[in-house]
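Participant: Got a predicted structure plus its sequence, pasted below:
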Amino acid sequence: MSHDQTGRRVVAIAPMPPEKSAYALARYSRSPDSIESSIKWVHGHSSEKFWDQFYFDYGHASIADLGHVIVCFEDISELAAIRLEDEPLWDGQAKSSRYQNFASNRWFVPGQIQGSETEAVYEGILRSLSEIYRLLHDPLTTFLSEREPRPESMKPADYQRTIAARAFDVTRYLLPLAAKTNVGQVVSIRTLEKQITRLLSSPLPELRAIGDDLKEACQRPPVNLWGELCGQTAGLADPLAPTLARHAKPNPYQETVYSDLARHAKDVLRGTDFDQPSQWGNVESVDLVEPHHPLDEIVTTLLYRVSHAPYRKILAVVKDWSEKQKQETIEVATQQRGPYDELIKEFRSGYAFNFDILMDIGAWRDMHRHRRCQQIQQNFTTLHGYDVPPPLVEAGLDREYRQAMDAVRTDIELLKKKDQEASLYAIPFGFKVRCLFKMDYAEAEYIARLRSGVKGHWSYRTVAWQMKQQLAQRYPFLGERIQATPPDIEDTLTR
């Protein structure tokens, strides 16, 4: 604690139960008392009553920004991890497929196919991916070691880790969305409530189950292992966030809006063959879309989210619509909205730089971490084909990879007819996904500069470089100021 003759103090407060710390800080902001007095006050009063009254009845949502929690999710699918992280105000990390061997991992099996013939088909797909993942690792490591011998200045252990990471960069293309992972997050209880609501409203059973588990975890005292290791005799007796857990429930708007939009899109885009790549013509894998009318942008974004077509192609159709046709799409996206529901993120429009990007799922997982932009991701599919990692071609190992991916694509199409959900989990990271990134100039500069660096994965390095190139083409002065690194400049041993 800092203290001088001016009366100024800087006080660090030890961790408290999140609902109680938020209550103390909320009271502190609304009274002349010191923080110690506010904490003593809260200790003697019911925080549950306070939360019921101010947060849930009066809607003072900012109060929940003042309490934070650490929550870990273990043995969840990569698909669930991606959806878990779909929060704009989120801090956390997933187990890295770049630095760890996923070969020994088990995978998630959807409940409804367990014990059925479909499970055997599903397991067959994932086993074949796992086998190729294992088979490619050693020859790839040997190739990379021969191509990039260890410099004298580099410790053997550091060298081995770096070469292994470069090999996993390649083999992770064979990891399915069903691969199991762990995620740790630090979030405010406001974000936690939104996350629980979103999970409980998901069409995916695994996500709804995780939402229920999260609710349950909020009703129990947190694990206080650190306290025990430090000699504390008793753990934290208070539940993590009991009031929040009691109020968290599925949201009807979130439950229905995307299926409503999908039906609407199928109807209004009928005859355009928008889900057939052969109809899309030549669209860049990184496409900077020129600014257009806000209504056209929102309508196009809503339809883009539930289709597989490029943004530019949908925009061309929407621009020809009457005002009434455009308004109908907005109506569909808002008809179930309740008085306290936020608009879905597809309405977040007005950014000057909108990039429609088609890239492999593995590299997109890294781009997905960027929070200072809006990301509208289309559903995962095998429709766009897959990427072939350049080191596999250079090592002469691409034939086995292509054969495996072609076979898996055929098997996934057959599996899709039996169980759509299972076919989604079976999609490997090497297949491409389309995602719209909306941002301001500062974020475009940051992504292009950071993600094009030599430490990065070649896939997102190429995307970042193309972002700079597209910007420079449209706005020469702004684009040229971005210090991006061309993808042909390599340094394999930099991490």
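Facilitator: Here it is on my side, so go on.
Participant: who's residue 353 bridged to?
Facilitator: For residue 353, the beta-bridge partners under DSSP bridges are residue 439.
Participant: do the one 4 residues further on as well
Facilitator: Each beta-bridge partner of residue 357 is listed here, defined by DSSP bridges: residue 286, residue 435.
Participant: wait, doesn't it sit right on residue 434?
Facilitator: Yes: assessed by Cβ atoms under 8 Å, residue 357 is found in contact with residue 434 at 7.2 Å. Every residue, glycine included, has its C-beta placed from N, CA and C.
Participant: if I look at residue 142, how far off is residue 406?
Facilitator: Note on residue 142: its distance to residue 406, by Cβ to Cβ, to the nearest Å, is 25 Å.
Participant: now swap in residue 87 and tell me
Facilitator: Taken as Cβ to Cβ, the span from residue 87 to residue 406 is 36 Å.
Participant: Who has more neighbours out of those two?
Facilitator: Neighbours of residue 87 and residue 406, each counted by other Cβ atoms under 10 Å, are more numerous for residue 87; the result is 17 against 12.
Participant: list the contacts for the more buried one?
Facilitator: With contact taken as Cβ atoms under 8 Å, 6 or more residues apart in numbering, residue 87 is in contact with 187, 191, 194-195, 198.
Participant: Among these, name the ones in strands.
Facilitator: Using DSSP state E to define strands, the subset of the contacts of residue 87 located there is residue 187.
Participant: Quick one: mark the members of the contacts of residue 87 that sit in helices.
Facilitator: Among the contacts of residue 87, the members falling in helices (DSSP state H) are 191, 194-195, 198.
Participant: Drop the exposed ones from the residues you listed and show what's left.
Facilitator: In the ones in helices among the contacts of residue 87, burial by neighbour count holds for 191, 194-195, 198, counting by 16 or more other Cβ atoms under 10 Å.
Participant: Who is residue 92 paired with across the strands?
Facilitator: residue 185.
Participant: can you count the residues close to it?
Facilitator: Per other Cβ under 10 Å, the neighbour tally for residue 92 reads 18.
Participant: Could you do residue 62 as well?
Facilitator: Using other Cβ under 10 Å: residue 62 sits among 13 other residues.
Participant: that's a strand at residue 477, yeah?
Facilitator: No: counting by DSSP: H, G, I helix; E, B strand; the rest coil, residue 477 is located in no strand; its state is helix.
Participant: what's near enough to touch residue 250?
Facilitator: Per Cβ under 8 Å, 6+ apart, neighbours of residue 250: 197, 200-201.
Participant: do that again at 10 Å, thanks
Facilitator: With contact taken as Cβ atoms under 10 Å, 6 or more residues apart in numbering, residue 250 is in contact with 196-202, 208, 211.
Participant: Ok, residue 400 next?
Facilitator: Residue 400 touches 132, 135-136, 139, 392, counting by Cβ under 10 Å, 6+ apart.
Participant: Could you do residue 426 as well?
Facilitator: Contacts of residue 426 by Cβ under 10 Å, 6+ apart are 107, 121-126, 129, 176-178, 382, 408, 411-412, 415-416, 419.
Participant: if I look at it, how far off is residue 77?
Facilitator: Residue 426 sits at a distance of 11 Å from residue 77 (criterion: Cβ to Cβ).
Participant: Now do the shared contacts for those two.
Facilitator: Common neighbours of residue 426 and residue 77, using Cβ under 10 Å, 6+ apart, are 107, 176-178.
Participant: List just the nearest of the residues you listed to residue 441.
Facilitator: In terms of Cβ to Cβ, no member of those lies closer to residue 441 than residue 177, at 33.2 Å.
Participant: In contact with the closest one, which residues are there?
Facilitator: 77-82, 107-108, 361, 380, 424-429, 431.
Participant: after the lowest-mean-pLDDT helix or strand in the chain comes which helix or strand?
Facilitator: Comparing every helix and strand of the chain by mean pLDDT, DSSP states H and E singles out strand 2-3 as the least confident one, with a mean of 51. Next along the chain after strand 2-3, taking DSSP states H and E as the criterion, comes strand 9-10.
Participant: Sheet partners, orientation included, of that next one?
Facilitator: Neighbouring strands of strand 9-10 in its sheet, by DSSP bridges, are strand 2-3 (antiparallel).
Participant: now the residue nearest to residue 321 when sequence neighbours are not counted: how far from residue 265?
Facilitator: Counting by Cβ to Cβ, 6 or more residues apart in numbering, residue 321 lies nearest to residue 299, which is 7.7 Å off, once chain neighbours are set aside. As judged by Cβ to Cβ, residue 299 and residue 265 stand 10 Å apart.
Participant: out of those two, which sits in the busier spot?
Facilitator: When neighbours are counted by other Cβ under 10 Å, residue 299 comes out ahead of the other of residue 299 and residue 265, with 27 against 22.
Participant: I'd say that one and residue 293 touch.
Facilitator: Yes: counting by Cβ atoms under 10 Å, residue 299 does reach residue 293; the two are 9.5 Å apart.
Participant: Next, show the common contact partners of those two.
Facilitator: Common neighbours of residue 299 and residue 293, counting by Cβ under 10 Å, 6+ apart, are 318-319, 326, 349.
Participant: Now flag whichever of those is closest to residue 240.
Facilitator: When those are compared against residue 240 (criterion: Cβ to Cβ), the nearest one is residue 349, at 36.3 Å.
Participant: So the closest one sits against residue 298, correct?
Facilitator: Yes: with contacts counted by Cβ under 10 Å, residue 349 reaches residue 298, the gap being 5.2 Å.
Participant: and these two? which has more neighbours close in?
Facilitator: Taking residue 349 and residue 298 together and counting by other Cβ under 10 Å, residue 298 has the greater number of neighbours (21 against 18).
Participant: Contacts only, for the more buried one.
Facilitator: Applying Cβ under 10 Å, 6+ apart, the residues contacting residue 298 are 318, 326, 329-330, 333, 343, 346-350.
Participant: Now restrict those to buried residues only.
Facilitator: Using 16+ other Cβ under 10 Å, the buried ones in these are 318, 326, 329, 333, 346-349.
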